[in-house]
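Visitor: Got a predicted structure here, sequence first:
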Amino acid sequence: MEAAVDIVLLSFLCVTVIVIVYIRKLFCAIMLLGIFSLLSASLFITMDAVDVAFTEAAVGTGISSILLLSALSLTHTRERRPSHQPYLALLVVAVTGAVLVYGTMDLPPFGDPDSAIHRHMAVRFIVDSPQEVGPPNVVTSVLASYRGYDTLGEATVIFTAGIALVGLLGFSRRKEFKVRLGGVLPDTTPVAVQVLDASNAPSTDHLVLRIVGKMFIPLIMLFALYVQFHGDYGPGGGFQAGVIFASAIMLYAMIFNVEKAMLVVTPTALRLLAVLGLMLYGGVGVLCMFLGGNFLDYNVLAHEPLHGQHLGIFLIELGVGITVFAIMVTMFYALGNRKGGSA
Amino acid sequence: MSWVGHYNYWVAIFLMMSGFYVVISRGNLIKKLIGLNVFSTSVFLLYISMGKVNGGTAPIYCEHIHPGQLFSNPVPHVLILTAIVVGVATTAVGLALTVRINERYGTIEEDEIRAKDDSL
Amino acid sequence: MMDFCLLDILTALLLTVGCFLGISGGVGLYRLPDFFTRQHATGVTDSVCSFAILFALMLQAGFTLVSVKLCFVLVFLIVTSTTATHALAKTALKKGIRPLLGREDKR
């Protein structure tokens, strides 16, 4: 029965990808990418990867689509007809695909509990994690404690991407804002992209959106905090929480104005928060060194190793959540506040 | 039913190759980024399907767990969590570059950019 | 074999209704001629289909924490998807898409 769900979802994925390859309206391609991410998240759930499904749904479906749509509204919305013959590309792709399929012949059967990758580290993590580290969610304990270095590198990568975006795009004010008040967007822009411009309307317009937004934005933030601190006991953690919190601010910025959102959550505050989160993570590691252990060795943080691990995981997940939130909102501001519309 | 399992891997490879085809054969920069996203997501699919265990459940200890319960492998989950977030960071930087290229050249098609560059 | 109680029959009925409405939303999205008529089809899917399926799952879960979480999901889903439908339709009307004047996108 699980095989049937698997096969149907994979077939939907294949159909979606074939349409993405051939469609030339970029708006439709971005929406189909969102559907692709959501189908992948469903597949991850059928394969028991609940944390990954949560992150893929939040990050892939949510943030990626928003960033792509913001960039699309600043550039052109249709792809030109390809002028080259695709035969060489098809040949390369076919040869690579054939080699990869030949490589998968040696892989163990799907779901085999005795295959080689389930032998060494995974057994140690699953069996020893409740005594050595503590949290019931083994993925959180592996992410934050056993492989804490990788997560520090990941937080640094996000931070660097945020810096790159600010360096490339900056936070320039949209000088055309006053000119476009009451103006009309060109008719070729798709309808939903024009919804992003709802802020130019007078304040009694879009009443339903404003009221529902005001009802739900605090609840979204509350849910983000729940996900942040419940990551030890269920799917969740810093990344998902930061992204959900950022999406609350993005919702506010889309319903009201990006300028108004920049008054609520100022770019200066975001810069400070991003740095604060990363320094919290690194600071916990250095504190462990000062207290006598290795870098990111949480056992020395408290009297008992398990309490130390709990405290260490709590602090670094908080640091990751703060950094991810600040950088996601920074990216949204940088792309959404760019004066543009050369379509 | 091992052919169902290998079906999983082959579909993931097909999706990977479609994303790869979009990256190398289309000239539009945003389309290339979409193809790159498709490529990364299908790699995640391949990785997570290698971590699944038959009869296992999500790697979380709760009150329903009996001793001897099989869990799916948590190590691919952790690696893919990192990869997803790094993927979105890469997409964001690519989009910023695309927006700047558009402002400079007025187009996001690779051929037209190259032609404008040669004529400068 | 299977212990058919009232709860199970009700769950099966609600799931069938929900699936039918979901499929009808998809068929309507494809077959209906105009932007606003397609909003009708997807609006039904967003509200009643999600209610039916989630309520069926709540019946199966009983009075546990899972039901409360499903209830939150249901309220959130109904309010936000119908608001999104409203926002799309209102913006379409304001930007000049008139009902029953041909197709919104040229297929």
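Guide: Nice, I can see it.

Visitor: Show me which residues of chain C sit near chain A.
Guide: Residues of chain C found near chain A, taking CB under 8 Å from any CB of the partner chain as the criterion, are C:35, C:76, C:79-80, C:83, C:86-88, C:90-92, C:95-97, C:104. Any C-beta I mention is one placed from the backbone N, CA and C, and that applies to glycine too.

Visitor: please redo it, this time with the cut-off set to 10 Å
Guide: Residues of chain C that fall close to chain A, judged by CB under 10 Å from any CB of the partner chain: C:35, C:72, C:75-76, C:79-80, C:82-84, C:86-97, C:104-105.

Visitor: so which of those also contact chain B?
Guide: By CB under 10 Å from any CB, no member of the residues of chain C next to chain A lies near chain B.

Visitor: ok, of those, which come out buried?
Guide: If you count burial by 16 or more other CB atoms under 10 Å in any protein chain shown, the buried members of the residues of chain C next to chain A come out as C:35, C:80, C:83-84, C:86-92, C:94-95, C:97.

Visitor: Give the rounded mean pLDDT of the helix or strand containing residue C:66.
Guide: In this structure, residue C:66 is located in helix C:65-94 according to DSSP states H and E. In this model, helix C:65-94 has an average pLDDT of 90.

Visitor: what comes up buried for the lengthiest helix in chain A?
Guide: With residue count as the measure and DSSP state H as the assignment, chain A has helix A:305-336 as its longest helix. Of the residues in helix A:305-336, A:305, A:308-310, A:312-336 count as buried by neighbour count, 16+ other CB under 10 Å.

Visitor: which one of the buried ones among the residues of chain C next to chain A sits closest to residue A:301?
Guide: For residue A:301, the nearest member of these is residue C:80. The distance, counting by CB to CB, is 41.0 Å.

Visitor: got a pLDDT number for the residue nearest the centre of chain B?
Guide: With distances taken as CA atoms, centre = their mean, residue B:40 lies nearest the centre of chain B, 1.5 Å away. On pLDDT, residue B:40 comes in at 95.

Visitor: element containing the spatially closest residue to it that is not a sequence neighbour, please.
Guide: For residue B:40, ignoring the flanking residues on the chain, the nearest one in space by CB to CB, 6 or more residues apart in numbering or on different chains is residue B:87 at 4.5 Å. With secondary structure defined by DSSP H and E, residue B:87 is part of helix B:74-105.

Visitor: Give me the mean pLDDT for that helix.
Guide: 93.

Visitor: host element of residue A:38?
Guide: Residue A:38 belongs to helix A:26-46, assigned by DSSP H and E.

Visitor: Go through stretch A:9-19 and flag the buried ones.
Guide: Neighbour counts using 16+ other CB under 10 Å place A:9, A:10, A:13, A:16, A:17 of stretch A:9-19 among the buried residues.

Visitor: Settle this for me: the last one is touching residue A:36, isn't it.
Guide: Yes. Under the criterion of CB atoms under 10 Å, residue A:17 lies in contact with residue A:36, with a separation of 6.8 Å.

Visitor: Find residues that contact each of those two.
Guide: For the pair residue A:17 and residue A:36, residues contacting each of them under the criterion CB atoms under 10 Å, 6 or more residues apart in numbering or on different chains are B:15, B:19, B:38, B:41, B:42.

Visitor: Report the buried members of those residues.
Guide: Burial by neighbour count, judged by 16+ other CB under 10 Å, picks out B:15, B:19, B:38, B:41, B:42 from those.

Visitor: Same list, those, but as JSON lines with secondary structure and distance to chain C please.
Guide: As requested, these are exported to JSON lines (DSSP: H, G, I helix; E, B strand; the rest coil; distance: CB to the nearest CB, whole Å):
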{"residue": "B:15", "secondary structure": "helix", "distance to chain C": "22"}
{"residue": "B:19", "secondary structure": "helix", "distance to chain C": "25"}
{"residue": "B:38", "secondary structure": "helix", "distance to chain C": "23"}
{"residue": "B:41", "secondary structure": "helix", "distance to chain C": "23"}
{"residue": "B:42", "secondary structure": "helix", "distance to chain C": "24"}
